[in-house]
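J.: I need the structure of the sequence given here:
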Amino acid sequence: MNRPELADFLRHARTRLDPSDVGLPPGARRRTPGLRREEVASLAGMSAD
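T.: The predicted structure is shown next:
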């Protein structure tokens, strides 16, 4: 899988989940649906950087 394909897959996968689906508070208004990159990294125990 090349980098653009991976990025597209990850963006699409994040949009399928709501914060409440993984135990996170709903939080502030979101411009895009799904989890933020930082939330995914936190859940995975990684840095978003």
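J.: Identify, by residue count, the longest helix of this protein.
T.: helix 3-15 (DSSP state H).
J.: Can you list the neighbours in contact with that helix?
T.: By Cβ atoms under 8 Å, 6 or more residues apart in numbering, the residues outside helix 3-15 that reach it are Met1, Thr32, Pro33, Gly34, Leu35, Arg36, Arg37, Val40. Just so you know, the C-beta spots here come from the backbone N, C-alpha and C atoms, and that holds for glycine as well.
J.: Buried members of these into ChimeraX, please.
T.: Buried residues among the contacts of helix 3-15 (16 or more other Cβ atoms under 10 Å), as a ChimeraX selection:
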select :34,35,36,40
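J.: Need the contacts of helix 3-15 in JSON lines (columns: distance to Asp8, pLDDT and secondary structure).
T.: Shown next, in JSON lines, are these (distance: Cβ to Cβ, whole Å; pLDDT from 0 to 100; DSSP: H, G, I helix; E, B strand; the rest coil):
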{"residue": "Met1", "distance to Asp8": "10", "pLDDT": "71", "secondary structure": "coil"}
{"residue": "Thr32", "distance to Asp8": "14", "pLDDT": "77", "secondary structure": "coil"}
{"residue": "Pro33", "distance to Asp8": "16", "pLDDT": "80", "secondary structure": "coil"}
{"residue": "Gly34", "distance to Asp8": "14", "pLDDT": "85", "secondary structure": "coil"}
{"residue": "Leu35", "distance to Asp8": "16", "pLDDT": "86", "secondary structure": "coil"}
{"residue": "Arg36", "distance to Asp8": "17", "pLDDT": "86", "secondary structure": "coil"}
{"residue": "Arg37", "distance to Asp8": "14", "pLDDT": "85", "secondary structure": "helix"}
{"residue": "Val40", "distance to Asp8": "15", "pLDDT": "87", "secondary structure": "helix"}
